[in-house]
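Asker: build me a model from this:
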Amino acid sequence: MKSLYVECVVHAAIVAGAPLNFRCEGTASPTVAPMTKTVMITGAGSGFGKNASIALAALGHHVIATTETEAQAEALRAEAPQLTVEKLDITTDDVAKVAAWDIDVLINNAGAGQTGPMADVPIDRVRHLFEVNVFGTLAVTQAVLKNMVAKGSGRIIIMSSIAGVMAGPTFGPYAMTKHALEAMGKAMRVELAPVGIDVTLINPGPYQTGFNDRMADSMWEWFGDASLNASAAPLFKMIGEMITGGQMDPVEVTQRLVELTEAETTTENNFVPPHIAAQLAARAPG
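Answerer: Just a heads-up that it's a prediction; the model follows:
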């Protein structure tokens, strides 16, 4: 019954924004509600971050939803007044204010994307990816951990990617950063377990959040006839079309974010959506 209710709330968050007076008709709310938690979600201006923020607030949690820009923050405040919305560019000194917040669950969702062949992708674009996806994520996590370690409890959820466990043509720059996140998360999991803090990585693939569309288009901002791989342009376009043409409903991942947030304890190291896990298994040798 609980999972049906959560699924209903997640669907509503994605489709209708789950207003304050929202109720899932035909499903019962859980008999025993989970303890209200303070949840911080980065990159909440769109996609998984926005969906999870609205769903968790609808379930009674205090959600601090952060966005990269003030314009995104203003738009989210207007759409979802039940959220505490903060402008937080994780690559800047904005991160300093996070240390004062008492967070129970941190969902590291903020991220950037870039596609293109490794032979000539502009280094400044790769550097920006690392600043956002790796260094920014680590900076926020370190800031939140000060209070978590002091109270001896907490949960860190890191939005990695299927690109954190594999890499393919044009996805090298993005995969580099997600492989780094996998290393960070796996090391932290072992280091923080003795002080009562769980760390879980999420490995989604192409979902209908708008992120993959923007990432697939990013290489065409600089790739052209002078590129070292110019002759492979038709192949690269086909790869982008395959990714953007086969995207899935984000409900599955959003629901798992909610479940991981509400769980009292979790031994889950990585959550890989079942169909993504099947694809990885099919690629495995032998």
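
Asker: residue 158: what secondary structure?
Answerer: State at residue 158, reduced to three classes by DSSP: H, G, I helix; E, B strand; the rest coil: strand.

Asker: flag the shaky bits of this protein, pLDDT-wise.
Answerer: 1-34, 266-286 (pLDDT under 70).

Asker: mind doing that once more with 80?
Answerer: Applying pLDDT under 80 to the chain flags the ranges 1-34, 205-208, 242-248, 265-286.

Asker: spatially central residue in it, please.
Answerer: The centroid of the chain falls nearest to residue 109 when counting by C-alpha atoms, centre = their mean (3.0 Å).

Asker: make sure I have this right: residue 155 is in a helix.
Answerer: No: looking at residue 155 with three-state DSSP, it is strand, so not inside a helix.

Asker: contacting residues for it?
Answerer: For residue 155, the contacting residues are 104, 105, 106, 197, 198, 199, 200, 260, 261, 266, by C-beta atoms under 8 Å, 6 or more residues apart in numbering. Using the backbone N, CA and C atoms, a C-beta is placed for each residue, glycine as well.

Asker: still on that earlier bit, and the residue nearest to the centre of the chain, what are its phi and psi?
Answerer: phi -110, psi -20 (degrees, to the nearest 10).

Asker: mind listing the strands for the stretch 151-286 of the chain?
Answerer: Along the stretch 151-286 of the chain, counting by DSSP state E, counting those that start in this stretch, strands occupy 154-159, 197-202, 270-271.

Asker: so which of these is nearest residue 181?
Answerer: Judged by C-beta to C-beta, the one of these that comes nearest to residue 181 is strand 154-159, at 5.9 Å.

Asker: okay, angle between that closest one and strand 197-202 too, please.
Answerer: If you take axes from the mean of the first three to the mean of the last three C-alpha atoms, to 10 degrees, strand 154-159 sits at 20 degrees to strand 197-202.

Asker: circling back to that earlier point, and the residue nearest to the centre of the chain, how far is that from residue 160?
Answerer: 11 Å (C-beta to C-beta, to the nearest Å).

Asker: for residue 238, same thing?
Answerer: Distance of residue 238 to residue 160, computed by C-beta to C-beta: 26 Å.

Asker: can you check residue 71 too?
Answerer: Using C-beta to C-beta, residue 71 is found at 27 Å from residue 160.

Asker: before we move on, the earlier item: what's the closest of the contacts of residue 155 to residue 37?
Answerer: residue 104 (4.1 Å).

Asker: can you report how many residues lie near the closest residue to the closest one other than its chain neighbours?
Answerer: Nearest in space to residue 104, with sequence neighbours left out and distances taken as C-beta to C-beta, 6 or more residues apart in numbering, is residue 37 at 4.1 Å. Residue 37 sits with 18 neighbouring residues when counted by other C-beta atoms under 10 Å.
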